[in-house]
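A.B. asks: Structure of the sequence below:
(2 chains)
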Amino acid sequence: MVTSETSRLRFAPSPTGYLHVGNARAALFNWLEARRAGGQMLLRVEDTDRERSSSELVENILASLRWLGLDWDGDIVFQADNLDVHREAALSLLGQGRAYWCDCTGEQVQARAKERGGPPGYDNHCRERGLTQSDGTALRFRTPDDGVTSFFDLVRGEVSFENKTIEDFVLLRSTGLPMFLLSNAFDDAAMGITHVVRGEDHVPGTPKYLLLRDALGLGRPEVFAHLPMLVNEGRQKLSKRKDAVSVADFAAQGYLPEAMVNYLVLLGWGPKDGIEIRPLAEFVELFRLEDVTPSPAFFDVKKLQHINAEYLRALPVAEFLERARPFLSGPEVEAVLAPIAALIQERVRLLTEIEPMVAFLLDGPLVEDDASWDKAMVKGKNASEMLDATIAGLVDLDQWVAEPIRAAIEVAAISVGLVNAEGQAQLSKAQGPVRVAITGRSVGPPLFESLEALGQTRTLNRLRAARARL
RNA sequence: GCCCCCAUCGUCUAGCGGCCUAGGACACCGGCCUUUCACGCCGGCAGCACGGGUUCGAAUCCCGUUGGGGGUGCCA
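C.D. replies: Below is the predicted model:
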């Protein structure tokens, strides 16, 4: 057994699915505590379910962890490598009378439970039958008939279970392969894990874990911390099947890893000073497992988006472009984005929103938004006059930069009567038809800078095309 | 059914017996700024599930009720 004076934590994902935000949060809380305490953050892949595990999923999980910036110490432990050791440990229990062979099938167990009308679950049917190993026999752990198993949980305090309510669970499947609880409990001990930090769904399994470790003479971890579940709108545990929660998907949607991590820290915990958006290093300083709240938290994409937008805006422009690049369809998009990147940066929440916002600067069919056209060109006042005046004002403009363009449009607005009581141009109204003619939409980056970026020829072409359509 | 857990604004949280007339953030609603949008600024709406205790004093401690969740696999 590994012994250590420093704390040792682990994230132990099962590669039976991609890494979802709930897993990521568990990994993060382990990581925060390990880094805060100067302990070890270990990674163990729980691949004892050969049927459902796959190397692609292992890769997905590792890639997501790397993307999040959650590093780990030492080599990754693959549980499948230790299966023989786990099996031997389980078999050693046989001699002590702490385990026995059982030949009941799942159907039989269920049928008997239904028949007696009692609670579902195993009824200790084979406990005293003295079966020997044969085809179809599974090894079950004999749980005590009395007494209490309890443990201290940093999040929930003292939690205890009456042993008589704990069923005789399976240690080895009839195929001889170890079950989760066996491998999990054994490897935690083997790796010298001091802090078991995982989801609340593991609470009911904890007494079994403890009973098993006691029987195996493996000692107990110092503390447990069962984190509150992450739930959906229906307040149900997040499900990979029903909820869109893959970390890789969030990455693909244009979320920044630092924003995702920052948001995740806030689920089930909060800094006392109320400052929610801050560098990871500060969270490492402030985070305490004992301050984690015990109640479930709703994963709110709206807030995630807000935090992402904050991080996006805080980026130096050069880095913003750097981060945007993988989300642009080609170098030509980057070329048109670069000059107005600062203007785009404060208008997007996701990296995937960038390209649609600069698409009007590219050649090709303009995306026409009917509602925008209707609003500016049909319902808006003086649209055709405004377009005519704008064309007239811009056609001979010598300096094609924002300020002279603004001045010309201002003159055009005044000429068609779009003025306020003081006779000043009402640019907010005047820019409507021009914007829609140029970009096809009623919202977008600042107009004059957009025209400058588009160039005189293309601006005039689009204005004339729109005018012709009226 | 049985076991376990949970309960502060719509949401995430601060609060750990007096500092609470319950604070912040997101969302939402007004307003300001303004070339649209966005940003920013100002303001608003909105919460201690309920009932009993304990205490001079309870969002904070205890009990119960109600409500919600998790587990109950030869999945992890």
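A.B. asks: The stretch 201-350 of chain A: strands as residue ranges?
C.D. replies: Ranges of strands within the stretch 201-350 of chain A are A:223-227, A:230-231, A:297-298, based on DSSP state E, counting those that start in this stretch.
A.B. asks: Let me have the ones you listed in a markdown table, extended by distance to RNA strand B, mean pLDDT and mean neighbour count.
C.D. replies: No exception for glycine: its C-beta is placed from N, CA and C like everyone else's. Formatted as a markdown table, the strands of the stretch 201-350 of chain A follow (distance: least, C-beta to the nearest atom of the strand, whole Å; pLDDT from 0 to 100; neighbours: other C-beta atoms under 10 Å):
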| stretch | distance to RNA strand B | mean pLDDT | mean neighbour count |
| --- | --- | --- | --- |
| strand A:223-227 | 8 | 97 | 22 |
| strand A:230-231 | 7 | 96 | 22 |
| strand A:297-298 | 3 | 97 | 15 |
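A.B. asks: Can you pull the residues of the stretch 201-350 of chain A lying near RNA strand B?
C.D. replies: Within reach of RNA strand B by C-beta under 7 Å from any atom of the strand, the stretch 201-350 of chain A has these residues: A:201-205, A:228-229, A:231, A:234-237, A:266-270, A:272, A:274, A:276, A:291, A:293-298, A:300, A:302-303, A:305-306, A:309-310, A:313, A:346-347.
A.B. asks: What's the PyMOL line that selects buried ones from the residues you listed?
C.D. replies: This is how PyMOL selects the buried members of those, with burial counted by 16 or more other C-beta atoms under 10 Å:
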select buried, chain A and resi 203+205+228+229+231+237+266+267+268+269+296+297+305+306+309+347
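A.B. asks: What is the least confident helix or strand in chain A?
C.D. replies: helix A:106-116 (a mean of 83; mean pLDDT, DSSP states H and E).
A.B. asks: Identify all contacting residues around that helix.
C.D. replies: A:119-123, A:125 (C-beta atoms under 8 Å, 6 or more residues apart in numbering).
A.B. asks: Of those, which is the most crowded?
C.D. replies: residue A:122 (19 neighbours; other C-beta atoms under 10 Å).
A.B. asks: which residue sits closest to it, ignoring its sequence neighbours?
C.D. replies: residue A:167 (4.8 Å; C-beta to C-beta, 6 or more residues apart in numbering).
A.B. asks: Now do the one you found against residue A:404, distance only.
C.D. replies: 82 Å (C-beta to C-beta, to the nearest Å).
A.B. asks: Which residues are in contact with the residue in the stretch 151-300 of chain A that RNA strand B sits nearest to?
C.D. replies: In the stretch 151-300 of chain A, the residue that lies nearest RNA strand B is residue A:270 (2.2 Å; C-beta to the nearest atom of the strand). Listed by C-beta under 8 Å, 6+ apart, the contact set of residue A:270 reads residue A:276.
A.B. asks: Check residue A:278 too.
C.D. replies: The contact partners of residue A:278, by C-beta under 8 Å, 6+ apart, come to A:262, A:271.
A.B. asks: what does residue A:376 give?
C.D. replies: Applying C-beta under 8 Å, 6+ apart, the residues near residue A:376 are A:383, A:432-433, A:435-436, A:442.
A.B. asks: List just the nearest of those to RNA strand B.
C.D. replies: residue A:442 (5.2 Å).
A.B. asks: wait, isn't residue A:36 in contact with residue A:281?
C.D. replies: No. Residue A:36 is not in contact with residue A:281 according to C-beta atoms under 8 Å; the separation is 10.5 Å.
A.B. asks: So between the two, which is more surrounded?
C.D. replies: residue A:36 (16 against 9).
A.B. asks: Tally up the residues packed near the residue lying closest to residue A:119 once chain neighbours are set aside, please.
C.D. replies: Closest residue in space to residue A:119, ignoring its immediate chain neighbours: residue A:113 at 6.9 Å, by C-beta to C-beta, 6+ apart. Residue A:113: 15 surrounding residues under other C-beta under 10 Å.
A.B. asks: For residue A:298, give the beta-bridge partners.
C.D. replies: In this entry, residue A:298 is beta-bridged to residue A:231, by DSSP bridges.
A.B. asks: list the contacts for it?
C.D. replies: Residue A:298 touches A:230-233, A:235, counting by C-beta under 8 Å, 6+ apart.
A.B. asks: Would you convert the strands of the stretch 201-350 of chain A into a markdown table that also reports distance to residue A:163?
C.D. replies: As requested, the strands of the stretch 201-350 of chain A are arranged in a markdown table below (distance: least, C-beta to C-beta, whole Å):
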| stretch | distance to residue A:163 |
| --- | --- |
| strand A:223-227 | 18 |
| strand A:230-231 | 31 |
| strand A:297-298 | 32 |
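A.B. asks: Between those, which one is closest to residue A:370.
C.D. replies: strand A:297-298 (35.9 Å; C-beta to C-beta).
A.B. asks: Checking the residue in the stretch 51-200 of chain A positioned nearest to RNA strand B next. Helix, strand or coil?
C.D. replies: Nearest to RNA strand B in the stretch 51-200 of chain A, going by C-beta to the nearest atom of the strand, is residue A:119, at a distance of 2.7 Å. Secondary structure state of residue A:119, per DSSP: H, G, I helix; E, B strand; the rest coil, is coil.
A.B. asks: swap in residue A:158?
C.D. replies: Residue A:158 is classified as strand under three-state DSSP.
A.B. asks: tally of neighbours for residue A:285?
C.D. replies: 13.
A.B. asks: So in terms of bridging, what pairs with residue A:226?
C.D. replies: residue A:198.
A.B. asks: Hmm, it is touching residue A:152, no?
C.D. replies: No. Residue A:226 is beyond contact range of residue A:152, at 11.2 Å (criterion: C-beta under 8 Å).
A.B. asks: Please compute how far the longest helix along chain A lies from its chain's middle.
C.D. replies: Longest helix in chain A, counting residues (DSSP state H): helix A:21-37. How far helix A:21-37 lies from its chain's middle: 13 Å, per C-alpha atoms, centre = their mean, to the nearest Å.
A.B. asks: same deal with stretch A:53-62?
C.D. replies: Worked out by C-alpha atoms, centre = their mean, stretch A:53-62 lies 16 Å from the chain centre.
A.B. asks: Please list the outside residues in contact with it.
C.D. replies: Contacts of stretch A:53-62 (C-beta under 8 Å, 6+ apart): A:13-19, A:23, A:45, A:47, A:76, A:80, A:248.
A.B. asks: So for it, mean pLDDT?
C.D. replies: Mean pLDDT, stretch A:53-62: 96.
A.B. asks: can you check stretch A:431-449 too?
C.D. replies: Averaged across stretch A:431-449, pLDDT comes to 94.
A.B. asks: And for residue A:441, the neighbour number?
C.D. replies: Other residues close to residue A:441 by other C-beta under 10 Å number 20.
A.B. asks: Wait, it touches residue A:372, no?
C.D. replies: Yes. Counting by C-beta under 8 Å, residue A:441 does reach residue A:372; the two are 4.9 Å apart.
A.B. asks: Make CSV from the contacts of helix A:106-116 and add pLDDT to it.
C.D. replies: Formatted as CSV, the contacts of helix A:106-116 follow (pLDDT from 0 to 100):
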residue, pLDDT
A:119, 71
A:120, 77
A:121, 84
A:122, 91
A:123, 88
A:125, 88
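A.B. asks: If anything else comes up later, I'll come back, but that's it for now.
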